[in-house]
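Asks: Generate coordinates for the sequence data below:
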Amino acid sequence: MNKNSLLLVILLFVTLVVNINGRCSSCKSLNEVCTPDVDFCRDNSFCVTGEDGTGECIAIPGNGGDCSKTKFCLDEYRCDDITKICVSQNYLGYGESCANNTQCSIGLTCTDGSCSSSLYPKCVMDVECRYNERCNYAGTCATPLVDGSACQYGGDCSLLSNCMNRVCVPYFSVSEGGDCYSDEICDTSQNLLCIGFICQNKNFYDKLKCNSTLDCGDVLNYRYCGCDSSVSPSIGRCHTIMDPKGLSKQDYYDYNQCLMDNKCPQVDSHIPASCSGGKCGFPFSKTYKSPCSSGSALFNKVNITFVIAILLTTAIL
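Replies: Numbering: from 1, shown residues only. Below is the predicted model of the structure:
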């Protein structure tokens, strides 16, 4: 995933759950009044501020829909900057056949019918590399190191590992009490999440009272302050949006093996027209539980998922 599009996705998440004005997050329904930057909306809707300054949960459009208000779309379709219509963009990776630049992931151009980079093997992100390469610490597309190898950066290691304390460490392998940068490095089968850079049982959060999401720790690991009148004088209780057991180690390994078997390169949009989305699916959304019982746009059909945490930590740590 290209760094620019990755940060936009992360920004969307942070905008929804980081409230610094002492408010907790509530669930609102489609067309209901809501508070932007605080509330969640059910049924694939999103809290948008209208011309009168009032927030309202409006439906997030799918492929072909009008995205002039939401600025983004369901299922990783892109809101075209000019037409404001949800379209298929940035779903092809390095070496894949293309007809125009908009099909290629950001950082690549459609040259002689193929998505490529004139700077290859130099790179900034994995999307600029071949399917079996990573963009390493030196900014070069290269075969990733095996687990246990010395590393400087997440991109030095395979897609199944991260660079922890300068060593390539497999995902889902760190036991309780071990160091971590993000949830997926911990042994999630044991109900562990990365809390305060230590792998700990996720139930730790159920005991925390809060007055804003900032009280709940690391926002990029998807915690939020949900309103709960029973914890007065606090206004809410901390929750984690990740279900550690939603995606097993085997699921993740099978997905990555599918990418390798089909020679699917890294892309920005995992829509069905992409190699990864069409042939391997996108299992990461199973790791999230909706803050709203009937489903929310953020965690139901909009793919802001476990892969974001993985790509973020491997890309910038």
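Asks: Tell me where the stretch 1-150 of the chain has strands.
Replies: Taking DSSP state E, counting those that start in this stretch, the strands of the stretch 1-150 of the chain run over residues 27-28, 33-34, 40-41, 45-49, 55-59, 78-79, 86-87, 109-111, 114-116, 134-135, 141-142.
Asks: Ser212: which of those is closest?
Replies: Within the strands of the stretch 1-150 of the chain, the stretch nearest Ser212 is strand 40-41; the backing value is 14.7 Å (C-beta to C-beta). C-beta here means a position set from N, CA and C on the backbone, and glycine is covered the same way.
Asks: Show me what the closest one pairs with in its sheet, parallel or antiparallel.
Replies: The pairing partners recorded for strand 40-41 under DSSP bridges are strand 27-28 (parallel).
Asks: before we move on, back to that, wait, which of the strands of the stretch 1-150 of the chain is closest to Ser161?
Replies: Within the strands of the stretch 1-150 of the chain, the stretch nearest Ser161 is strand 134-135; the backing value is 10.1 Å (C-beta to C-beta).
Asks: Which strands or helices does that closest one pack on?
Replies: strand 141-142 (3 or more C-beta pairs under 8 Å, 6 or more residues apart in numbering; DSSP states H and E).
Asks: Which strands border the strand it packs on, and is each parallel or antiparallel?
Replies: For strand 141-142, sheet partners with direction are given as strand 134-135 (antiparallel), following DSSP bridges.
Asks: what's the offset of the strand it pairs with from the middle of its chain?
Replies: With C-alpha atoms, centre = their mean, to the nearest Å as the basis, the distance from the averaged C-alpha position of strand 134-135 to the chain average is 19 Å.
Asks: Equivalent analysis for stretch 110-119, please.
Replies: Here stretch 110-119 is found 27 Å from its chain centre; the criterion is C-alpha atoms, centre = their mean.
Asks: Please report the average pLDDT across it, rounded to a whole number.
Replies: The predicted model gives stretch 110-119 an average pLDDT of 97.
Asks: contact partners of it?
Replies: Residues lying outside stretch 110-119 but in contact with it, judged by C-beta atoms under 8 Å, 6 or more residues apart in numbering, are 92-101, 103-105, 107-109, 123, 128.
Asks: Could you identify which of the strands of the stretch 1-150 of the chain has the lowest mean pLDDT?
Replies: Going by mean pLDDT, the lowest-scoring of the strands of the stretch 1-150 of the chain is strand 40-41, which has a mean of 86.
Asks: Could you list the low-confidence segments of the stretch 1-150 of the chain?
Replies: By pLDDT under 70, the weakly predicted segments of the stretch 1-150 of the chain are 1-22.
Asks: hey, where'd the helices end up in it?
Replies: Using DSSP state H, counting those that start in this stretch, the helices assigned to the stretch 1-150 of the chain run over residues 3-17.
Asks: for the stretch 151-300 of the chain, which spans come out with low pLDDT?
Replies: 206, 217-222, 242, 244, 285-290, 293-300.
Asks: Helices of that one, residue ranges please.
Replies: Secondary structure of the stretch 151-300 of the chain (DSSP H, counting those that start in this stretch): helices located at 249-261, 275-280.
Asks: nearest to Asp75, of those?
Replies: Closest approach to Asp75 among the helices of the stretch 151-300 of the chain (C-beta to C-beta): helix 275-280, 9.0 Å.
Asks: Determine the set of other helices and strands touching that closest one.
Replies: The elements that helix 275-280 packs onto, with contact taken as 3+ C-beta pairs under 8 Å, 6+ apart, are helix 249-261.
Asks: one step back: please list only the buried members of the contacts of stretch 110-119.
Replies: 92-96, 98, 103-105, 107-108, 123, 128 (16 or more other C-beta atoms under 10 Å).
Asks: farthest pair in those?
Replies: Largest separation among the buried ones among the contacts of stretch 110-119 by C-beta to C-beta: Gln103 and Cys123, giving 19.4 Å.
Asks: From the centre of the chain, point out the most distant residue.
Replies: Pro233 (33.7 Å; C-alpha atoms, centre = their mean).
Asks: From Tyr205, how far off is that one?
Replies: 20 Å (C-beta to C-beta, to the nearest Å).
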